[in-house]
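> What follows is a predicted structure for the sequence shown.
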Amino acid sequence: MSQLKVHVGDFTFDAKFEEKDAPKTVAAFKKAMPFVSQAIHVRWSGEGVWMPLGDLDFGVPYENHTSFPAPGHIILYPGGISETEILLAYSGVHFASKMGQLAGNHFITLTSNLENLKEMGKTVLWKGAQPVRFEMV
């Protein structure tokens, strides 16, 4: 299993790739690593943070997709109805855009410091955009 760290502002989480269930998404994302972006709070989806990626194309189909990621799940929406994005759920999420319900590929799961998820989400909500970095260690 690959060792992965996800940094959101001052928060750091260990994570694992969901290689068995989302192999194409994981392979495409690994090619882009280390991946750096900014997280902002979701607008329509509930309690999550997202990284808007515009027209960035990872070239992946739907796989292991969900509209209801659990806290600590990271999904990649490959684009289509809305822009490409990555979403990290910190509590209840019903993944959507102004166009309606969406589904994204669950390809990373956080494995440590889950007790800090809600504080991370509230930090993004109240203090604004936070830097994000995904890196292999």
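That came in fine, so what should we check first?
> Tell me, what's the model's pLDDT at the closest residue to W44 other than its chain neighbours?
Excluding the flanking residues, the one nearest W44 by Cβ to Cβ, 6 or more residues apart in numbering is A96, at 4.5 Å. Every residue, glycine included, has its C-beta placed from N, CA and C. The per-residue pLDDT reported for A96 equals 93.
> and A96, bridged to which residues?
Bridge pairing for A96 (DSSP bridges) gives the partners Q101.
> Neighbours of it, how many?
By other Cβ atoms under 10 Å, the residues close to A96 number 17.
> do you know how far it is from G48?
With the distance defined as Cβ to Cβ, to the nearest Å, A96 ends up 11 Å from G48.
> again, but for G54
As defined by Cβ to Cβ, G54 lies at a distance of 19 Å from G48.
> who's more crowded, these two?
A direct count of neighbours by other Cβ under 10 Å for G54 and G48 places G48 higher, at 25 against 9.
> List of residues touching the helix or strand hosting the more buried one?
Taking DSSP states H and E as the definition, one finds G48 inside strand 46-52. Contacts with strand 46-52, where a contact means Cβ atoms under 8 Å, 6 or more residues apart in numbering, come from 8, 37-42, 69, 83, 85-95, 118, 120-121, 124, 130, 132.
> In PyMOL, how would I select the buried members of those residues?
The PyMOL command for the buried members of the contacts of strand 46-52 (criterion: 16 or more other Cβ atoms under 10 Å) is given here:
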select buried, resi 8+37+38+39+40+41+42+69+85+86+87+88+89+90+93+94+95+120+121+124+130+132
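> So which of the contacts of strand 46-52 sit within strands?
Here DSSP state E is the test, and the contacts of strand 46-52 give 8, 37-41, 85-93, 130, 132 as lying in strands.
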